[in-house]
Each structure stands twice: as structure tokens, then as C-alpha cells.
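Engineer: here is my input; please provide its structure:
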Amino acid sequence: MNFKCNLLALLYLGISAQVHAAPSGAAPANLSKRSTADCPGYTLLYKVDNDRGFSASLKLAGKPCNVYGTDIADLKLQVSLDREDRLRVHIQDTAGTQFQIPESVLPLDKGTNDFDPREDGLKFNSFHDPKTGFGFKILRGNDVIFDTTGHPLIFEDQYIEVTSNLPNNANIYGIGETADWLRRNTTNTIKALWSHEASSIPGQNIYGAHTIHMELRKGKFHGAYLHNSHGMDIALADNTIQYRVLGGTADFYFFNGPTALDVIDQYTRLVGRPYRIPYWALGLHSSRYGYKNVNEMREVVANYSKANIPVETQWADVDYFDRARDFTFDPVNFPLPEMQKFLSDLHSHNQKMVLLTHAAIQRNSTYGPYARGHEQDVFIRNPDGSDYISQVWPGYSMLPDWFAANASKWWGGELTRYLGELPIDGMWLDMNEASTFCTGSCGTGKPESEIPPYPWTVNPPPPHRPLNTSNHLLVPPYAIHNTEIELSDSTIETTAIHANGVAEYHVHNIYGLMQSKTTHEFLTAYRPNKRPFLLSPSTFAGSGSYVSHWTGDNSATFFDLHMSISQLFDFGIFGVPMMGSDICGFEGDATEELCSRWVEVGAFYPFARNHYFIFSVPHEFYRWPAVAEAARRAFGIRYALLPYFYTSYQFAVEKGWPVARPLVFEFSDVATTVDNDRQFLIGDGLLISPVLTEGATTVSAFFPKGVWYDWYNYTAVKGSNAEVTLDAPLEHVNVHVRGGKILPAQNPAMTTTDSRKNDFYLIVAADESGSA
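Structural biologist: This is a model prediction of the structure:
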């Protein structure tokens, strides 16, 4: 939960809220990029062929430009065709001192020699330009798909720059995490990759960091992934894509495609396939921040049942904690015996419970998780070896160091105690960017008994500390377009030290991945006969192997409703298919119309959860007649199609394919699909055409060529690659089955368990030739 969302709370409480401005005379490095056009680049030397490709040396070709650091004169180039559809290009420092992601954190597929190169396969061509030095092109057959011509390679200790030319009006998808439309604007877009807890404001960096992108060119998709955990900007402008990275190496993987699903298959084979979810996770999830007590949660579940709306899982946010501390229960409002009884009642009705856990652990010697963790030396430290003490919900807190030798053992021990008391069905790993309320080790020197006020309650707010521009881990020479003043704001100090001796600066973006991996591996061993279900805000390449995701703190607006579809598509590319958005919006007040329309979209999110803010108007689906009816209809379709959803998810597990897909993934030869983020497919056979505009009672739906059958009455629409106006009264969402497809279904019930006991049937939708 984003603490900045509490700025909204301040308005309700009548407390003035101010946003920090950059301190006078201490602005970050200029966000406008310094020119690198005159940098000398490198010369390729000593090329040595091997079974898969070659290796070579790169030597700085002239006087160092030192544009954002110190040029590294001697580099090593390795090029290898790892698989018939994947090419690796790795440029690293010869000395091997630049940080690289450890294999223990993110094991990558090693590839194979057991294939014959294809005529349309990937090839690497290098060249030397008199002005810019070494460059390279990646070709698919005879088509160039990555081309550094005209752009020097910049490789410094804290700045790497690689630039590739793009065609005019390129079709680029992926790169994030930011709230953005499906097709990226290639004229002036900068994506900052620095995991950051914040509301989903378009264009700003938020919870995760993903470098993978796909491009549709000449009717075919290809992809590129940069394997690097450092903060970076990826800029799209002037017919180029430019990587501006704050360290590490330039470790690129290129994917041949040629379809979008092929690229995602090739990418997830490299970084890890999505995990196999428990079937119950496909049901409706109910949640809010602000439950007063356990009885209120009971009432919510009962009211859904009375309204004949299926609800599978009840969630709880921070409200159930005792003094905001992990693994505890409020003894008055959420006492453990009552929570145990509630969980038992849920299980008796084939329903589930998921509870939130934060990354931060309160620094208090009488608090067991802290005392045991401190004894086992599992927390992050300051550069001088002292405890790194930040501020989070429970006050001054410590953050686990997932690199520490005992971290997995300690975390597993705490989870064993916790789950032994209350065997919940899933976990919500919140604020694992990691998110904090102060900059730096603000609890150093403070007594354990001191509980600091939340910064947003202090009026006037505390000033930002002066920027230490002499420390390039705190303020690197190149300032990525991070939302905050400093990289360390609202998160772990970049100079903090992990157990392996590495500064947070280098590993910030993989903190959430490491917690997710550690937790998933524990649960798999602890409950070997139950599939884990984990929800995480912070994600990285490979996170889909361990966790699901949601879009975070969105707002109750039609804009955010529309944007949620694009964000859903992004995470399909990122390899995290179990994805959704807080239905009806987290912040702000939903209206009956908005909530009805959002239900009609959210019922088809792979992960469908209703969750909202403590000061928002309650918006459980049963609270408005129109919303309740929309929910019964839309979730009636979802529960009837649970076998189809689950089958689609099986393809995700086996091939990485997203469950929810844009039309362009299936109809890439139709130009009008390239930016369609107003409709979406579930699998390849179900088309959802929702209303996304306030006041609308019709929707213009694009139908690709072929036959499409109305879900409700099987009326055929003959698609002709054109839009058709469909009636869309408030409680109705347009759903069409694609001709030529067969969808497994069954009679729906109030839970996924009860639904699975009902009869199965097949929906056979004939195409124009009468086949399916």
C-alpha cells in the first residue's frame, strides 16, 4: 500500500499536504541528456570463433569522453546463438568488476547446441564506423531488427548507452512498469526503470522493472531483453530506442518471434515460465484497506452470498495487524481466535483467505521476528556496518537482506510460526520495492521506544536532506527520470550494503523478486501438496515464476479503467499472466455507473479483485443494484468459463502465453489492431468489448475477419476488419466467441470448488467453413 495515497487521507482529515520540491541549490543531475555523439566508441579486436558464435575484445577508440562517469577502456564481447530463436550479445568489462545479476537470483536458460541454424534465423553483423567506432546489427534472415549505426557505444562505470535505430512510427510494446497505453509513443517517451511504490500516474515509474520489449515490423514480431538490474532510462525518440543504464553490463538477448506469442514463449523460456496457480485463484477476490474488525469481513462475505454474487476469497490489508507489525493480530478487532474461526468458516464453504505481509520488520527487541532476525544477522546494513534503520508503518524498521546466509532460514521460520497459527491460503507481499517513509537510515541513534510520526502528518513537512553530489551511489552523474528527488527516496538507501558486499544501488530492482522467490520456495516445501498463491507489487524478469501482480494504487476513474487493459497487456509480455487491477478503483469514490462498467472488465481479468481505500465510498458489488446485476452477469460468464480460463493458463505455464491478449497478438496483419487497447481476448477464442466511456450505452467494437458469436444468444457477427456498433446497456458487457474455436465450460456455482462439481460442456463455434 502506497503511503503517498495517504495524501488523499489528509484531504479528508483537513490536514494540509505538501509535495516536496527539490531543495534549493541541490537539484539532481540535469535530466536533459548530455551529448554523446562525439564519444569515440570502441574498436573490435582479437575475434575468436566458437561453436555458438564468437568472442572478441573491444578497445576504446580514442580519448575518453567520460560523459557520466569513467570510460572503461577494455571490454569483452561475446556473441552466441543460444537457441535457434535466441541470440545473446554480451558486452562486459574485461576486468569483470561491473555488477551482474547472480545466477542464484535469476537463473537463465543456458540454451543448447542441438539445432540447425534457420535461413530466417538471427545473425550478428559487426562493423566499424570512422566516427562512432564499433557497431552491430541483428538480422532476422535479411531483415535488420536492431541497428546501432551512427551511435557510439558508451561504456562507463556508472553509465552505459546503447542506441538502435527504429523505423518511422515503430510499433513498440512492453518496457515498464509504468501506466501507459498499449503501443508506446516512439516520438518522445522515456521509461525510467527503478522500482518505486506510487500511485499509477501515467508515465511515471512504479512498482516493477522490466526491460523486455517487442516490436511489430513488416507483419512479424521480434523482441529484445536487457539483463541488467540497475536503474535505467529507456528512451524512444528520433526513430531510436536508447538504453541509458546506471551500471553493470550490456547483456542483450534477442528473440526471433515471428509472432507475439513466439516472442513471449522465447522470453519466458529464458527467464522462467509462469508458476502454476491454484484453481481457486481464478475466483472473485474481496478486499479493502479499512476493515474495522473481523466481523465486518464476515458481513462482506455474507452479503455477497445474499446478493448471489460468487466470492471465492476474503483478503485483509494492514488493518488486522497488532501495531502494524508483520505476523501479528490486533487483539481487540482481529483477535487470533476469531480469525481462526473465520478461516474455518470460509473453508467449510469452500472459500479462502489471503492476508497482507510487509517487507519491513519493526526494530524492537521484544518483537520476535526482529529479535530472531537480528540474532541471525539477516538485515541490511549501513556502509559502516551498523544497522540500516528506516521508517515504515510500525515505526523504525529493518529490512531483510535476501542475500544474507540465514535469510531464507529465518523467513521460513517466521512463516512457519505464522501459518501454524493461521493456515491462510495465500499471501500478499506488499511494499517490497522496498518501500519506506524516510530517506536514509533515519532510525540510527533513535531509542527503540521512539515511534516517529508519519511524515505526511507533520506540518510543515520535514525538508528533504541536501543532495550529496560527491557520492555517486547516492546521486549518480546521470539522473534517470525517477519520480523522486533521489533514488533513495521512499526506498532503501542506495549506499546500504548487502551481505555479499554489494550496495543497494546495484540490486534495488531485484529486491521484490528475491523476496518472492524465497517465499514461493518456502511455501512449496512447507505445503508440498498445495500450490502457493502470492501477490507482489514489485516484479522483475522471472517474477512470474513465483508471484501474481496487480496494477497497484489506481483511481476510481474511467481513465484508469481504460488504462488497466493496457497494463494487463504489459504484464502478459513481462511473463506475469496472473494479473489484474483493483476493480472499481482503489483511490477516490466510484459511482454506480463506473463500478458497473469496471465489473464488466474486471470479471475477465485473470486476477479479479475488488479492493479500495480506507476513505473511499464502499464499493463491494452488492451495494448498488446495477453493479450487483452487472456482477451476476459478468461473473456468471467467468465462472461458466473457468475451465477455459484454466486451460488458457495452462498455456501460460507451458509456453508463457498471456491469458489476456490484445487483438494485435492474434491479428498482427491487420493495421488497425496495432494500438487497440479498448478490447481484449481471453486466450484466442473469447473477445471482450467493454464500455470505457462515461455515459455511453453503445460500444464500437472491432471485429477481425471471420465469424464471431454473441455469448448470450449465439447470433453471428461476420467480421470484416471493421468496427460494429453494439448495444451496451449499463448491466451488459459484449462478449463474443471466435469462430473456429472450442471452449470448455461448465455450469457455474458460487465457488470454484462447487463449480468443478458441475457438468462440463463444450462450446463449439464453427468458422465460415463450418469447422472448429
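
Engineer: can we go C-alpha only for contacts and neighbour counts from here?
Structural biologist: Will do.

Engineer: so which residues of the stretch 151-300 of the chain form helices?
Structural biologist: Along the stretch 151-300 of the chain, counting by DSSP state H, counting those that start in this stretch, helices occupy 260-271, 294-306.

Engineer: comparing those, which comes out most buried?
Structural biologist: Highest mean neighbour count of the helices of the stretch 151-300 of the chain: helix 260-271, a mean of 24 (counted as mean count of other C-alpha atoms under 10 Å).

Engineer: for Asn459, give its distance to Pro453.
Structural biologist: 11 Å (C-alpha to C-alpha, to the nearest Å).

Engineer: quick one on the thing from earlier: now for the helices of the stretch 151-300 of the chain, which one comes closest to Thr97?
Structural biologist: When the helices of the stretch 151-300 of the chain are ranked by distance to Thr97, counting by C-alpha to C-alpha, first place goes to helix 260-271 at 23.6 Å.

Engineer: give me the helices and strands touching the closest one, please.
Structural biologist: For helix 260-271, the contact count by 3 or more C-alpha pairs under 8 Å, 6 or more residues apart in numbering; DSSP states H and E identifies strand 220-226, strand 250-255, helix 642-655, helix 663-666 as packing neighbours.

Engineer: how far off centre is the helix or strand that the third one is followed by?
Structural biologist: Going down the chain from helix 642-655, the next helix or strand is strand 660-661, by DSSP states H and E. Taking C-alpha atoms, centre = their mean, to the nearest Å, one finds the center of strand 660-661 at 15 Å from the center of the full chain.

Engineer: same question, stretch 402-413
Structural biologist: With C-alpha atoms, centre = their mean, you get 24 Å for stretch 402-413.

Engineer: could you report the pLDDT at the residue in the chain sticking out farthest from the centre?
Structural biologist: The C-alpha centroid of the chain is most remote from Pro130, which lies 41.7 Å away (C-alpha atoms, centre = their mean). On pLDDT, Pro130 comes in at 95.

Engineer: ditto for Lys4
Structural biologist: Note on Lys4: pLDDT of 38.

Engineer: returning to that earlier point: now for the helices of the stretch 151-300 of the chain, which one comes closest to Asp326?
Structural biologist: Comparing these by C-alpha to C-alpha, helix 294-306 comes nearest, at 17.3 Å.

Engineer: for the stretch 501-650 of the chain, which segments count as strands?
Structural biologist: 534-535, 549-550, 579-580, 608-610 (DSSP state E, counting those that start in this stretch).

Engineer: next, count neighbours for Asn50.
Structural biologist: Using other C-alpha atoms under 10 Å, Asn50 is surrounded by 10 other residues.

Engineer: and Ala56, by the same measure?
Structural biologist: Neighbours around Ala56, by other C-alpha under 10 Å: 16.

Engineer: again, but for the one 10 residues further on
Structural biologist: Applying other C-alpha under 10 Å, we find 16 residues neighbouring Asn66.

Engineer: Gln78 versus the closest residue to it other than its chain neighbours, what's the distance?
Structural biologist: The shortest distance from Asn66 to any residue other than its chain neighbours is 7.1 Å, reached at Glu156 (C-alpha to C-alpha, 6 or more residues apart in numbering). Glu156 is 18 Å from Gln78, where distance means C-alpha to C-alpha.

Engineer: and for Phe327?
Structural biologist: Computed as C-alpha to C-alpha, the Phe327 to Gln78 distance reads 47 Å.

Engineer: now do the residue nearest to Asn66, the pLDDT please.
Structural biologist: pLDDT for Glu156: 98.

Engineer: go on, the one 4 residues further on?
Structural biologist: According to the predicted model, the pLDDT of Ile160 comes to 98.

Engineer: contacts only, for it.
Structural biologist: 153-154, 243-250 (C-alpha atoms under 8 Å, 6 or more residues apart in numbering).

Engineer: one more: Met750?
Structural biologist: Met750 neighbours (C-alpha under 8 Å, 6+ apart): 305, 308-312.

Engineer: between the residues you listed, which is closest to Pro278?
Structural biologist: Glu312 (12.2 Å).
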